[in-house]
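1. no sequence for this one, just the structure:
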């Protein structure tokens, strides 16, 4: 998929998703357009895929494991 991006120097470009991931990791982008939400995403303030902290709460997936029954 090709996405519209804005670099920190305010220039615009179109990049594929692999390049988008690299530009985000290298902290070179200011914004990119997220077509599914029909809006520009601010890389420094909005949620961005692949970026997140550690989660210390209960594991919500634990409830998805099948229950073993004996007998």
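-> Structure received. Since we're looking at a predicted model, the values are computed, not measured.

2. ok, the closest residue to residue 13 other than its chain neighbours - how many residues close by?
-> Nearest non-adjacent residue to residue 13, counting by C-beta to C-beta, 6 or more residues apart in numbering: residue 5, 5.5 Å away. Bear in mind the C-beta positions are built from the backbone N, C-alpha and C, glycine included. If you count neighbours by other C-beta atoms under 10 Å, residue 5 ends up with 23.

3. looking at this, residue 5 is in a helix?
-> No - counting by DSSP: H, G, I helix; E, B strand; the rest coil, residue 5 is not part of a helix but strand.

4. show me what contacts it?
-> Residues in contact with residue 5 (C-beta atoms under 8 Å, 6 or more residues apart in numbering) are 12, 13, 14, 15, 20, 23, 29, 31, 32, 33.

5. buried ones among those?
-> 15, 20, 23, 29, 31, 32 (16 or more other C-beta atoms under 10 Å).

6. redo those as CSV? Include pLDDT, secondary structure and distance to residue 70.
-> Below are the buried ones among the contacts of residue 5 laid out as CSV (pLDDT from 0 to 100; DSSP: H, G, I helix; E, B strand; the rest coil; distance: C-beta to C-beta, whole Å):
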residue, pLDDT, secondary structure, distance to residue 70
15, 97, strand, 54
20, 94, helix, 49
23, 95, helix, 53
29, 96, strand, 54
31, 97, strand, 56
32, 97, strand, 52
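
7. widest-spaced pair of these?
-> For the buried ones among the contacts of residue 5, the maximum inter-member distance is 12.4 Å, found between 15 and 31 (C-beta to C-beta).
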